[in-house]
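1. Quick check, what structure comes out for this input:
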Amino acid sequence: MKVLVTGATGFLGKRLVELLVERGDEVRALALPQEDISNMEQKQRIEIVEGDITDPATVARATKGVQRIYHLAARTGPWGAAEEVYRSINVAGLANILHASHTHNIERLIHVSSTTVYGHHLQGLITEEHCYRAEDNPYSRSKIAGERLLADLSKDLQVPVVTIRPGWIYGPGDSASFGRLVAQIETRRAFLFGSGQNIVPIVYVDDVAQSLILAGDAGKHAIGQSYTIVNDQRVTQFEYLNTIAQALQVPSISQKVPLTLLMILGRSSEKLWKLAGRQTTSPPPITTYGITLLGCDQRFSIEKARRELGYQPAFDVQRGVAAGMQWYLASKYKHVYRLSKRTR
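-> Model prediction:
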């Protein structure tokens, strides 16, 4: 089968492309011109198309001749761009994908959303029927707007769509989140947000990639449906951080900072950054998004995905962290080796 993967050079996109090629699919990867595609260029059954999903002509060219689309391209994170940038990619870019899917009669579009559409201040076990709740950041608002557009436009254009809502993805190659968290634990700068007994919505990258493939292969019953994808092992913040600490062979993390205090600090930092005109630069040292992600209780049901897609997480937290740590340490030693060569 010939498939298109948007966001193919991203953390999740790279792994999805690898798994698709392994199973024999012919992959067309859509990548921004400035992105590193060197690894993909060396592999068979991967065709590179450079361009941007905000350009309808590029999207039309990329979708022509494919049977299935995995739409991963998105502006992520709660900081670093103006609101209109998020909307141009996460909403208008999605509309371009939908229109091109209709034009080229795509058999199925698998859209990657996020559990952020449910909000982060949650109570109880959350299913796919939970209402939208936007957090106070452009990422959350744009992902909800994208899902609403998808629901309306896919019906009007009669495009078969399946939506996947992953939780907090981690694993090898995740320098933005997992790598940064590991570095904080390694240098003894990590602490527990609140009691540490809240459930964190982590999910290993391979499990998410497999859920996308399952969504593409599922029967017609999956069309028009949304599926939450997390690890239902019910890992607490304390367990997650200290599984990493144990792998690093550093002291366990026990220091606690009240969640209320952290939220006050987060809001204050964000206000100061905005007053200084730094919305589109690096984020402040602490953000409300990061606090809620790590410190708030987030329990999601995967029963629908298990029942209708056959989804079953293969990586528990011990196995996932071990794989992530192997990548982190290899990357660290490679960096040290390069520095030592430069100073000789």
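
2. Kindly provide the distance from the residue positioned nearest the centre of the chain to residue 84.
-> By CA atoms, centre = their mean, the mean C-alpha position of the chain lies nearest to residue 169, the distance being 5.5 Å. In this view, residue 169 and residue 84 are 26 Å apart by CB to CB, to the nearest Å. The way it works is simple: take the backbone N, C-alpha and C, and place the C-beta from them, glycine included.

3. OK, contacts around residue 216?
-> Counting by CB atoms under 8 Å, 6 or more residues apart in numbering, residue 216 touches 3, 68, 70, 108, 110, 162.

4. give me the element it is part of.
-> Using DSSP states H and E, the secondary-structure element containing residue 216 is helix 205-217.

5. same thing with residue 233?
-> Per DSSP H and E, there is no helix or strand for residue 233.

6. hmm, back to that, heading C-terminal from the helix holding residue 216, find the next helix or strand.
-> The helix or strand immediately downstream of helix 205-217 is strand 226-229, counting by DSSP H and E.

7. What is that following strand packed up against?
-> strand 161-166, helix 205-217, helix 303-309 (3 or more CB pairs under 8 Å, 6 or more residues apart in numbering; DSSP states H and E).

8. re earlier: what distance separates the helix holding residue 216 from the centre of its chain?
-> On the basis of CA atoms, centre = their mean, to the nearest Å, helix 205-217 sits 13 Å off its chain's mean C-alpha point.

9. just stretch 9-22 next, same as before
-> Relative to its parent chain, stretch 9-22 has a centroid offset of 13 Å by CA atoms, centre = their mean.

10. May I see the buried residues of it?
-> Residues of stretch 9-22 classed as buried: 9-21 (neighbour count, 16 or more other CB atoms under 10 Å).

11. repeat for stretch 176-196
-> Going by neighbour count (16+ other CB under 10 Å), the buried part of stretch 176-196 is 177, 178, 179, 181, 182, 185, 186, 190, 192, 193, 194, 196.

12. residues touching residue 242, list them.
-> Going by CB under 8 Å, 6+ apart, residue 242 touches 252, 253.

13. picking up where we left off before, which ones among the contacts of residue 216 map onto strands?
-> 3, 68, 70, 108, 110, 162 (DSSP state E).

14. Can you get me a residue count around the third one?
-> This means residue 70. Per other CB atoms under 10 Å, the neighbour tally for residue 70 reads 28.

15. And it, how close does it get to residue 316?
-> Residue 70 is 25 Å from residue 316, where distance means CB to CB.

16. With respect to residue 288, which of the helices and strands packed on strand 226-229 lies nearest?
-> Among the helices and strands packed on strand 226-229, strand 161-166 comes nearest to residue 288, with 20.7 Å by CB to CB.

17. partners of the following helix or strand past that closest one, with directions?
-> Counting by DSSP H and E, the next helix or strand C-terminal to strand 161-166 is strand 168-170. Here strand 168-170 has these sheet partners by DSSP bridges: strand 202-204 (parallel).

18. Please pull out the lowest mean pLDDT helix or strand from the chain.
-> Between all helices and strands in the chain, the lowest mean by mean pLDDT, DSSP states H and E belongs to helix 38-41, at a mean of 66.

19. just the strands in the stretch 1-150 of the chain please.
-> Taking DSSP state E, counting those that start in this stretch, the strands of the stretch 1-150 of the chain run over residues 2-6, 26-31, 46-50, 68-71, 108-112, 125-126.

20. Out of the helices and strands packed on strand 226-229, which gets nearest to residue 257?
-> Nearest to residue 257, of all those, is strand 161-166, at 27.7 Å by CB to CB.

21. Quick check: mean pLDDT of the closest one?
-> On average, the pLDDT along strand 161-166 is 98.

22. Identify all contacting residues around it.
-> Contacts with strand 161-166, where a contact means CB under 8 Å, 6+ apart, come from 12, 98, 108-115, 117-118, 128, 147, 150, 154, 203, 208, 211-212, 215-216, 218, 222-230.

23. Please indicate which of these are buried?
-> The neighbour count (16+ other CB under 10 Å) marks 12, 98, 108-115, 117-118, 128, 147, 150, 154, 203, 208, 211-212, 215-216, 218, 222, 225-230 as buried among the contacts of strand 161-166.

24. where in the stretch 201-344 of the chain is pLDDT low?
-> Counting by pLDDT under 70, the stretch 201-344 of the chain shows low-confidence ranges at 280, 333-344.

25. could you dump stretch 325-333 to PDB, C-alpha only?
-> Written as PDB, here are the backbone C-alpha positions of stretch 325-333 (Å, rounded to 0.1, in the frame of the first residue of the first chain):
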ATOM      1  CA  MET A 325      17.500   5.600  28.700                       C
ATOM      2  CA  GLN A 326      19.500   3.500  26.200                       C
ATOM      3  CA  TRP A 327      19.000   6.300  23.600                       C
ATOM      4  CA  TYR A 328      19.600   9.100  26.100                       C
ATOM      5  CA  LEU A 329      22.900   7.700  27.300                       C
ATOM      6  CA  ALA A 330      24.100   6.800  23.800                       C
ATOM      7  CA  SER A 331      23.300  10.400  22.700                       C
ATOM      8  CA  LYS A 332      25.000  11.900  25.700                       C
ATOM      9  CA  TYR A 333      28.200   9.900  25.200                       C
END
